[in-house]
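1. Next come a sequence and a model predicted from it.
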Amino acid sequence: MVNINLKKVSNNFFHTEKIDSRVLDIHKELVENKFDCFLVGGCIRDLLSKKKPKDFDLVTNAVPDQIIKVFKKRARLVGKRFPIVHVRKGNLIVEVSTFRSSKSLERDYGKSGIILRDEGWGNIEEDAVRRDFTINALYYDPLKNQIIDYLDGVEHVKQRRVKFIGPPAERIKEDPLRMLRAIRFSAKLDKQLSSSMQASIKSSADQIRSVSKARLFDEFRKLFLSGTAVNTWNLLSKTSLPRLIWPECDTRNSLIPIGLASTDSRFKENKPLSPAFVIALLLWPTFDRMRSRSKSEDPESISKNILKSQNNRMSIPLRHRDFVSRIWLLQKNLQTQHNKNLNKTPSFRAAYDLLVVRGEADHSLSKHINFWRNSQKTGS
Ligand code: ATP
Ligand code: MG
């Protein structure tokens with residue numbers, strides 16, 4: 001268990017109008033039922049660093065059964081790794097979790113030290129220390145307009161510092177995914193990894209292999225589809241994590257940051273983002289190299305093999321694998337057949353985007369890029 005001296009510090013910070021009123025309504029209902037309830041985690045970190053929170057999470061001393069009693073049909077028990085409740089207000093779903101302790105984590109350690117099941121409830125202090133980083137252990141009471149900060153999280157947000165709660169090696173061992181979370185939050189705060197964080201990741205990187213393939217895919221989406229993919233890649237590239245998670249990826253290829261920059265621009269413009277495009281980008285140089293080397297094997301089976309092998313490390317849902325394959329296979333068509341019907345196929349746009357990225361490094365592609373750009377303008 002992590003042993004930490006907690007010091008409760010309150011600060012007044014927000015204008016509550018920055019918080020979705022439906023979240024405040026759910027909060028109010030719990031408080032009216034005599035439960036403690038706070039906004040917690042990423043939303044407070046993001047509001048403090050003047051970013052728009054992706055969502056608002058609530059934490060309470062009510063256990064799931066009690067939460068369900070309050071919200072009745074608007075509540076649904078979910079959670080793969082521990083029980084949490086989804087509460088609906090209008091068309092918004094808010095995650096409401098119960099204070100947990102890290103003692104329960106100790107009891108539920110598997111042989112390797114990894115948390116397998118975590119159902120033990122705790123109080124707010126225990127809940128704070130079981131969280132991963134100080135910047136994620138902030139609790140906000142909207143009725144008092146007060147942040148409860150036991151671990152200097154507010155100061156660390158200001159300093160853009162991602163600091164583990166407790167000994168990094170221990171916290172990584174409990175859940176190696178936290179290495180990727182450290183990178184994601186540093187990228188979001190536009191900060192380099194501290195040398196101590198780099199050292200912790202260096203000595204523990206291999207443990208990433210024990211994280212489930214499904215969790216890696218969930219984290220992959222957050223790493224690359226949240227508007228800070230370029231920063232994330234720069235930080236990741238300084239570690240051995242990419243090699244361990246995407247063994248098929250040629251991490252030094254210069255197309256990767258170029259393509260990720262286009263993903264970040266799309267995020268800023270609120271355009272739809274697809275994990276398949278990022279996978280197609282990360283593994284394109286490998287596909288391209290293997291296809292040009294192999295005389296006998298057909299491109300479809302090369303693509304299948306690469307994606308199958310990647311899928312052994314990080315799961316990629318079948319529909320995304322099919323999409324990646326189509327993006328790759330269309331590259332050749334875009335270069336050889338200027339048949340305008342191609343731009344009516346569903347994967348055309350993503351394939352065209354990859355062609356444009358490739359064009360940054362290979363100017364001989366300009367004529368094809370111009371053709372397809374014009375064909376979209378004229379819509380013919
Ligand atoms: P974002 O929503 O921007 O991805 P977040 O910090 O809200 O960031 P979530 O995955 O939504 O991240 O988790 C909510 C909170 O739960 C975190 O802020 C953190 O306090 C806690 N948490 C999440 N994952 C872990 C973990 N692996 N170990 C410890 N605490 C965690
Ligand atoms: Mg969150």
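-> Now that the structure is in, tell me what you want to look at. Since this is a predicted model, take the numbers as computed values, not measurements. Ligands and ions are numbered 1, 2, ... in the order given.

2. Tell me which residues of stretch 123-136 come out buried.
-> Under the neighbour-count criterion of 16 or more other Cβ atoms under 10 Å, stretch 123-136 has 124, 126, 127, 128, 129, 130, 131, 132, 133, 134, 135, 136 buried. Yep, even glycine has a C-beta here, placed from its N, CA and C like the rest.

3. For the helix or strand harbouring the fifth one, which outside residues touch it?
-> Using DSSP states H and E, residue 129 maps to helix 124-130. Contact partners of helix 124-130, identified using Cβ atoms under 8 Å, 6 or more residues apart in numbering, comprise 2, 4, 6, 36, 38, 59, 61, 99-103, 105, 122, 137, 139, 148, 150-151, 165-166.

4. Which of those residues are buried, as a ChimeraX select command?
-> Selection of buried members from these for ChimeraX, criterion 16+ other Cβ under 10 Å:
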select :2,38,59,61,99,100,101,102,105,122,137,139,148,150,151,165,166
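
5. of the contacts of helix 124-130, list those near ligand 1.
-> residue 137 (Cβ under 6 Å from any ligand atom).

6. Would you tell me which one of the buried residues of stretch 123-136 comes nearest to residue 177?
-> Distance to residue 177 across the buried residues of stretch 123-136 (Cβ to Cβ) is lowest for residue 132, with 9.2 Å.

7. Tell me how far residue 301 lies from ligand 1.
-> To ligand 1, residue 301 is 37 Å away according to Cβ to the nearest ligand atom, to the nearest Å.

8. separation between that residue and residue 325?
-> 10 Å (Cβ to Cβ, to the nearest Å).

9. now residue 208
-> Using Cβ to Cβ, residue 208 is found at 26 Å from residue 325.

10. Please apply the same query to residue 75.
-> In this view, residue 75 and residue 325 are 41 Å apart by Cβ to Cβ.

11. The stretch 101-250 of the chain: helices as residue ranges?
-> In the stretch 101-250 of the chain, the segments counted as helices under DSSP state H, counting those that start in this stretch are 103-107, 124-130, 153-158, 168-174, 178-188, 195-204, 213-224, 229-236, 241-245.

12. Could you list every helix and strand in contact with the third one?
-> Contacting helix 153-158 under the criterion 3 or more Cβ pairs under 8 Å, 6 or more residues apart in numbering; DSSP states H and E are the following elements: helix 42-48, strand 138-141.

13. Any chance of a markdown table for those, columns mean pLDDT and distance to residue 231?
-> Formatted as a markdown table, those follow (pLDDT from 0 to 100; distance: least, Cβ to Cβ, whole Å):
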| stretch | mean pLDDT | distance to residue 231 |
| --- | --- | --- |
| helix 42-48 | 93 | 15 |
| strand 138-141 | 94 | 22 |
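
14. and the stretch 151-300 of the chain, which residues reach ligand 1?
-> So the stretch 151-300 of the chain meets ligand 1 at 175, 177, 178, 222 (Cβ under 6 Å from any ligand atom).

15. What is the burial count for the first one?
-> Residue 175 is flanked by 20 other residues according to other Cβ atoms under 10 Å.

16. and stretch 144-158, average pLDDT?
-> Taken as a whole, stretch 144-158 has a mean pLDDT of 92.

17. Likewise for stretch 69-84?
-> Mean per-residue pLDDT for stretch 69-84: 88.

18. of all of the stretch 201-350 of the chain, which residue lies closest to ligand 1?
-> residue 222 (5.3 Å; Cβ to the nearest ligand atom).

19. Tell me how many other residues crowd that residue.
-> Residue 222 has 15 neighbours, counted by other Cβ under 10 Å.
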